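1. For reference, the sequence and a predicted model appear below.
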Amino acid sequence: ASFHRNPSLEKRFDNAPFTFYNVGTGTCGKTNVASDFVVALNVAQYGSGQDCFRTINISYGGKSTQAQIVDEELGLDLSIGLFEFFAPLSDGLLIGILYNNFSDLPSRAYDFVIIGGGTAGSVVANRLTENPESSVLIIEAGGTNIDAFQLDVPFFASIFKSQYDWNFTTTVQQGLNNHSTFLPRGFVLGGSSSVNGMVYTRGSADDYDRWATVTKDDGWSWDNLQPFIAKNEKWELPADRHNTTGQFNPSVHSLTGVNAVSLSGFSESIDPMIFEAVDELGGIFNFNQDYNSGNPLGFGWLQLTISTEGRRSSSATSYLAPKYIERKNLDVLLHARASRVLPSVSKSSLSGYAFRTVEFAQDLDGPLLQVNALKEVILSAGVIGSPHILLNSGIGDSDELSEIGIKSLVNLPSVGKNLTDQPAVTNVFLVNSNKTTDDLLRNATLLNKVYTEFNKTGMGPLVVTGGNQISFFRASESLTHKFGDPSSGRNSPHLEMLPANGFYGIPPPAGHFLTLETTVVSPASRGSLTINSTNPFANPLIDPGYLTSPFDIAAMREVIRITFQYLSAPIWDGYLLSQFGDFANITATSPDNVLDEYIRNNAGSSGHPVGTAAMSAKDADYGVVDPDLRVKRVEGLRMIDSSVFPFVTSAHTQAPTYVIAERAAALVQAAWV
Ligand SMILES: Cc1cc2nc3c(=O)[nH]c(=O)nc-3n(C[C@H](O)[C@H](O)[C@H](O)COP(=O)(O)OP(=O)(O)OC[C@H]3O[C@@H](n4cnc5c(N)ncnc54)[C@H](O)[C@@H]3O)c2cc1C
C-alpha cells in the first residue's frame, strides 16, 4: 500500500499490462513490478541509466528469473517474460489479474463468468471470490480505470462524453419535440459508477417495499435490505474534515461497507444561501437532516460516493481495489465485449436450455471467442448491455426476434420493455458573483493551481461536483388525482431539484451561473430497448419514451415553477441577474404551452435508465427475472444490475444498484453452498 507509482517507467511500457511502482531509492530504485495489482510478483530492477530498463529480476515464491526488454519502447518482451515465468509457477491456480488479452487468460472455464465489470458486476465478483473455492472471471468491454484522472477527480464528473462512455443516442423522441438525445453509460471498469455524478441517494422506503410487493419477495423490502445497504456503504469524513454535526443522521449510515460515501468536502459560496432560503420560505422547503433515512422529502446536504481523500469511490476503486483484485480466484478480462450467451441442453429448465457459455470478441472485426461457466453466467452489462445480449441470444419476444431473423430460443416478451428513465432539465441563471465554479473550467492557470492542490492535499474545489445540496418534492394532489400517482407511496418524491454553483458542463466564455437541475424522479412514461440487426455489435434501438405520459410533462412544469418559488426567497435578491439560454423566456407565470415547449426542447436523460429486464414474482406471466434474479425459463443465467428494477427508485440509481448487487451476491452464494 505504500508503493509509489512510477509514471515515467509506466510510460515506457505503455502497452504492457503492468503497473510499475518504486519501492526504494537509488539511481534506478528498486522497483516492484506488478501486473495491475498482483503484488505477489516482486520484481527487482537493477543496473543504472538505460540499463535499468533492459533487464528485470523477477522473484516469486522463492524462485527468480529475468525478463529481457528487447524493445524498450514497447516493453512487450517484459510482459511475455512475466507470463512465461509466472504460468508454470502458478501450478494451475488462477491468479487475480487484469488481463488485456484472452490468450493470456490462465483458464477457459470459471465457476462464474460475469459479463460487465460495472457497478453491480464488481460487487458480485468481490463477494463471490470471498470464498476461495469459487473462481470468477469478469468480462468487461471497456478498459481500466487506473490512471484516468478525469474519473478520479470528482469535479470532472460533469464532462460526460468521453472515451469512457458508450456514447449511446436514443431514437427520435416524440416527447422531446422529435429530437434524439445523448444517453450516457460507463465504458470502463466500474461501469457507470466510474463516470457518474457520485450523488448517493437510496430513494424512499416505499420504493423498496413496492419491489417486495410486486415480486412477492419480502427480501426486497426496505427493512430487509438494511444489512445490504450497510455492506455497501462505508461512511467517511468529508475531504475537508469539517464538523458535520447536524448535516446527516449517523444512525442511518454504515461505517463498515466497501464503497466510500461522504458529505461534501468543499464549501461552495452558495451553501449558506441555499438553507437561508429554506428557512425563509418553509412549507415544502423544509430541511431534511438525512434524505437517506427512507423519507427523502425536503432539502438536505448532499451525500456523495467520494472518499476522505477527495477521490471518486467507484465500484472499480472499492470492490475491485488491489486487495481484492489480487485474489487468486478472480480474473478480469478487459476490452472483451460479449455478443451472446450460448445454449446447451437442460433437462430441468422450462425452455429446455441452459446458458453457460459466453461468446465475445476483443476486436469487433476479429474472431468470436468463448469462455464457460461451470455454475452460472451472470449478466451485469447494465440496463442497455444486458437486455441487448439476451436479445442477441434469442431470448426475448419470439415474434419480434423472428422478424429480424434471429432464432428465438426462449420466448420472454418482457426483455427490453419497461425502460424507465428520469427526464431532466437544467435551468440556468446568470448571477452577480464571481465565486462560482465557472472560471475553473475556462482558466487553465486557475485549474492547474487547484489540480496541484488536489494532488497534494486531496482538498479544494475539485473534491466536489459543484453542488452540495439536493431537494425532493411531491407533485401536487391535483396532478396525482388527475393522472394517477406513479410514485411508490406518500413519502416518495416525484420531483427533484439539484442546485449547482455554476454552469453544468463546460461554461460559455463569459458569465457566472447558478444551475437548478429539475428532474421527474417518479415518471409514468415507459420506453423500450429493441434490436434491428443480427449483428450483435450493432447498437440497439434505445427509446426511453421521455415525456410521453401526460403526468411527466405536467410534473416537470410543476418542479420548474417550484424553482421560481424557491428563488423568490429574499436571500436571492440581488444575486440573480437574469436567466440564460432558452430559459430566458420562461417566467414563474409562463403558461403551460410555453413551459412545455421549453421542456420538450431542453429535457434529456438524467443518466438513470433502469428496468429493461424487470424482476417479477415467480408465478408472474411477465417480467424477465424471478426475485432471485434468475432469468426465467432457463438455467445457468442470472441478471444482476440496474436492468432488473421493476420500478425506478425515486432518486438517483447507483445506491439501489449496489444494494441489488449485494443481496443478489448473497442469493448466488446461498444457491451454491
Ligand atoms: C453520466 C452518468 C451520471 C450518473 N449520475 C449518477 C449519480 O450522480 N448518482 C447515482 O446514484 N446514479 C448516477 N448515475 C446512474 C448510475 O451510475 C447507474 O444507474 C448505475 O451505475 C448502473 O449500474 P449497472 O451495474 O447497472 O451498470 P454499469 O455500471 O453501467 O455497468 C455495466 C458494465 O457492463 C459493461 N458492458 C456493457 N455491455 C457489455 C458487453 N456486451 N460485454 C462486456 N461488458 C459490457 C459496461 O462497459 C459497464 O462496465 C449516473 C449514470 C451516468 C452514466
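-> Received, thanks.
2. Spit out the contact partners of whatever residue of the stretch 251-400 of the chain ends up closest to the ligand.
-> Residue nearest to the ligand within the stretch 251-400 of the chain: G385 (2.6 Å; Cβ to the nearest ligand atom). C-beta here means a position set from N, CA and C on the backbone, and glycine is covered the same way. G385 sits next to I115, G116, A141, R185, A338 when contact means Cβ atoms under 8 Å, 6 or more residues apart in numbering.
3. which non-adjacent residue is nearest the first one?
-> Just to be clear, that refers to I115. Spatial nearest neighbour of I115, chain neighbours left out: A338 (4.5 Å); criterion: Cβ to Cβ, 6 or more residues apart in numbering.
4. Tell me, what's the model's pLDDT at the residue of the stretch 251-400 of the chain closest to the ligand?
-> G385 is assigned 98 on the pLDDT scale.
5. next helix or strand past the helix or strand harbouring it?
-> Per DSSP states H and E, G385 falls inside helix 382-392. Once helix 382-392 ends, the next helix or strand along the chain (criterion: DSSP H and E) is strand 395-396.
6. For that following strand, name the packing helices and strands.
-> Applying 3 or more Cβ pairs under 8 Å, 6 or more residues apart in numbering; DSSP states H and E, we find strand 395-396 packed against strand 410-411.
7. State the mean pLDDT of the strand it packs on.
-> Across strand 410-411, the average pLDDT comes to 98.
8. Give the other helices and strands that it contacts.
-> strand 395-396.
9. I'd like the average pLDDT over the strand it packs on.
-> Averaging pLDDT along strand 395-396 gives 98.
10. next one: stretch 461-478
-> The pLDDT scores in stretch 461-478 average 97.
11. what does stretch 242-249 give?
-> On average, stretch 242-249 scores 97.
12. centre of the chain versus stretch 365-372, how much separation?
-> 26 Å (Cα atoms, centre = their mean, to the nearest Å).
13. So what touches it?
-> So stretch 365-372 is contacted by 102, 105, 108-110, 113, 137, 139, 336, 339, 342, 356-362 (Cβ under 8 Å, 6+ apart).
14. 7 Å instead, please
-> If you take Cβ atoms under 7 Å, 6 or more residues apart in numbering as the criterion, stretch 365-372 is touched by 102, 108-109, 113, 137, 339, 356-362.
15. Can I get the buried part of those as one ChimeraX selection?
-> A single ChimeraX command selects the buried members of those (16 or more other Cβ atoms under 10 Å):
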select :102,113,137,339,356,357,358,359,360,361,362
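16. biggest separation within the contacts of stretch 365-372, which pair?
-> Farthest-apart pair in the contacts of stretch 365-372 is R356 and Q362; separation 20.6 Å (Cβ to Cβ).
17. What residue, apart from its backbone neighbours, is nearest A141 spatially?
-> Of all residues not flanking A141 in the chain, R337 sits nearest, at 4.1 Å (Cβ to Cβ, 6+ apart).
18. what residues are up against that neighbour?
-> A141, F360, A361, L364, F537.
19. how is this protein carved up into domains?
-> Domains of the chain are assigned by automatic domain parsing as 4-89, 93-152+180-198+312-418+606-673, 199-311+423-522+547-602.
20. out of those domains, which comes closest to N532?
-> For N532, the closest of those is domain 93-152+180-198+312-418+606-673, at 5.9 Å, according to Cβ to Cβ.
21. Write out the residues of the stretch 151-300 of the chain neighbouring the ligand.
-> Contacts of the stretch 151-300 of the chain with the ligand, taken as Cβ under 6 Å from any ligand atom, map to 160, 184-187, 191-193, 195-199, 201.
22. could you dump those to CSV with neighbour count, secondary structure and pLDDT?
-> Shown next, in CSV, are these (neighbours: other Cβ atoms under 10 Å; DSSP: H, G, I helix; E, B strand; the rest coil; pLDDT from 0 to 100):
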residue, neighbour count, secondary structure, pLDDT
F160, 16, coil, 62
P184, 22, coil, 96
R185, 24, coil, 97
G186, 27, strand, 97
F187, 24, coil, 97
G191, 35, helix, 98
S192, 29, helix, 98
S193, 30, helix, 98
V195, 30, coil, 96
N196, 23, coil, 96
G197, 23, coil, 96
M198, 23, coil, 98
V199, 21, strand, 98
T201, 24, coil, 98
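23. Which members of the residues you listed define the maximum pairwise distance?
-> Maximum pairwise distance in these, criterion Cβ to Cβ, is 23.7 Å, between F187 and T201.
24. Just give me the longest strand of this structure.
-> If you go by DSSP state E, the chain has its longest strand at strand 369-379.
25. got the angle between that one and helix 382-392?
-> Inter-element angle recorded for strand 369-379 and helix 382-392: 120 degrees (by axes from the mean of the first three to the mean of the last three Cα atoms, to 10 degrees).
26. in strand 369-379, what counts as buried?
-> L369, V371, N372, A373, K375, E376, V377, I378, L379.
27. Kindly report the same for stretch 530-538.
-> Under the neighbour-count criterion of 16+ other Cβ under 10 Å, stretch 530-538 has T530, I531, P536 buried.
28. which one of those residues is nearest the ligand?
-> P536 (8.2 Å).
29. which residues sit in contact with the closest one?
-> By Cβ under 7 Å, 6+ apart, the contact set of P536 is S339, R340, N392.
30. In which helix or strand does the second one reside?
-> This points to R340. strand 337-345.
31. Show me what the helix or strand immediately after that strand in the chain is packed up against.
-> Tracing the chain past strand 337-345, the next element assigned as helix or strand by DSSP H and E is strand 353-361. Contacts defined by 3 or more Cβ pairs under 7 Å, 6 or more residues apart in numbering; DSSP states H and E place strand 353-361 against strand 337-345, strand 369-379.
32. How about residues contacting strand 353-361?
-> 113, 115, 139, 336-344, 346, 368-373, 377, 393, 409-410, 634-637.
33. just these that are near the ligand?
-> Residues of the contacts of strand 353-361 in contact with the ligand (Cβ under 6 Å from any ligand atom): I115, I139, R337, A338.
34. just checking, the second one touches A338?
-> Yes: using Cβ atoms under 7 Å, I139 is in contact with A338, at 5.7 Å.
35. any residues in contact with both of these two?
-> In contact with both I139 and A338: I115, V358, F360, using Cβ under 7 Å, 6+ apart.
36. Show me which of the residues you listed is closest to M615.
-> I115 (18.0 Å).
37. partners of the residue nearest to A141 in the sheet?
-> A361 (DSSP bridges).
38. Relative to the ligand, how far out is H608?
-> For H608, the distance to the ligand equals 5 Å [Cβ to the nearest ligand atom, to the nearest Å].
39. ok, how many other residues are close to that residue?
-> The tally of other residues near H608 (other Cβ atoms under 10 Å) stands at 26.
40. do G366 as well
-> Here the number of neighbours of G366 (other Cβ under 10 Å) works out to 8.
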